[in-house]
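J.: Got a sequence here, can you build the structure:
(one chain, ligands or ions: 2)
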Amino acid sequence: MSAPGDNPSLQGGCTCRYVRYRLVSQPLFVHCCHCYWCQRETGSAFVLNALIEADRVQMLEGAVAGVDIPTQSGKGQKVSRCPKCAIAVWSNYSGAGDVMRFVRVGTLDEPWRLPPNIHIFTASKQPWVTLPADVPAVAEYYRASELWPAESLERRAALMAKSPRQR
Ligand SMILES: [Zn+2]
Ligand SMILES: [Zn+2]
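T.: Ligands and ions are numbered 1, 2, ... in the order given. Model (predicted):
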């Protein structure tokens, strides 16, 4: 993973271009989630989420509107959408508050810059999806402490110190 501050144009936004944002550093980790909830919410086979501290997502233009939706865990999720075209640009899970965002990688101008670091919930992946051999894949979820790079774990610890609810 790249060093902090190394930020090759991680800008993105919605389809109508009312919402524009920038990730001010590389994310902590990138999930490719194959669960049925993500499949339904995207209408696709999986979602790509870049996990990053909320204060590293800089609004360049516009504003988002939050929509609360249920989740499998029962804790709920707030999806941030463009108020005009309703494209979802990121979400956060209610248990953690808005300290960590799950940015939809497909909303980046150059989404190929953030390939997945792990495939999760592969137990429900569509049968035609073939996973690469060199990226970790788990049937359900995993422990960040076992797979995240040290720098991301340090950033996560700093985040937890600021927000005890994150635990
Ligand atoms: Zn829009
Ligand atoms: Zn999912």
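J.: From here on, just use CA atoms for contacts and neighbour counts.
T.: Noted.
J.: could you pull out the helices for this structure?
T.: Remark: helices assigned in the chain by DSSP state H are 36-42, 144-147, 150-162.
J.: out of those helices, which comes closest to ligand 1?
T.: Checking the helices of the chain against ligand 1 by C-alpha to the ion gives helix 36-42 as the closest, at 16.1 Å.
J.: can you list contacts of the closest one?
T.: Counting by C-alpha atoms under 8 Å, 6 or more residues apart in numbering, the neighbours of helix 36-42 from elsewhere in the structure are 44-47, 71-72, 124.
J.: now do 7 Å
T.: Here helix 36-42 makes contact (C-alpha atoms under 7 Å, 6 or more residues apart in numbering) with 45-47, 124.
J.: does any bit of it sit next to ligand 2?
T.: Yes: on the criterion C-alpha under 5 Å from the ion, helix 36-42 is in touch with ligand 2 at C38.
J.: picking that back up, biggest separation within the contacts of helix 36-42, which pair?
T.: By the measure C-alpha to C-alpha, V47 and S124 form the most distant pair in those, at 12.7 Å.
J.: Give the residue from these two that has the larger number of neighbours.
T.: V47 (23 against 16; other C-alpha atoms under 10 Å).
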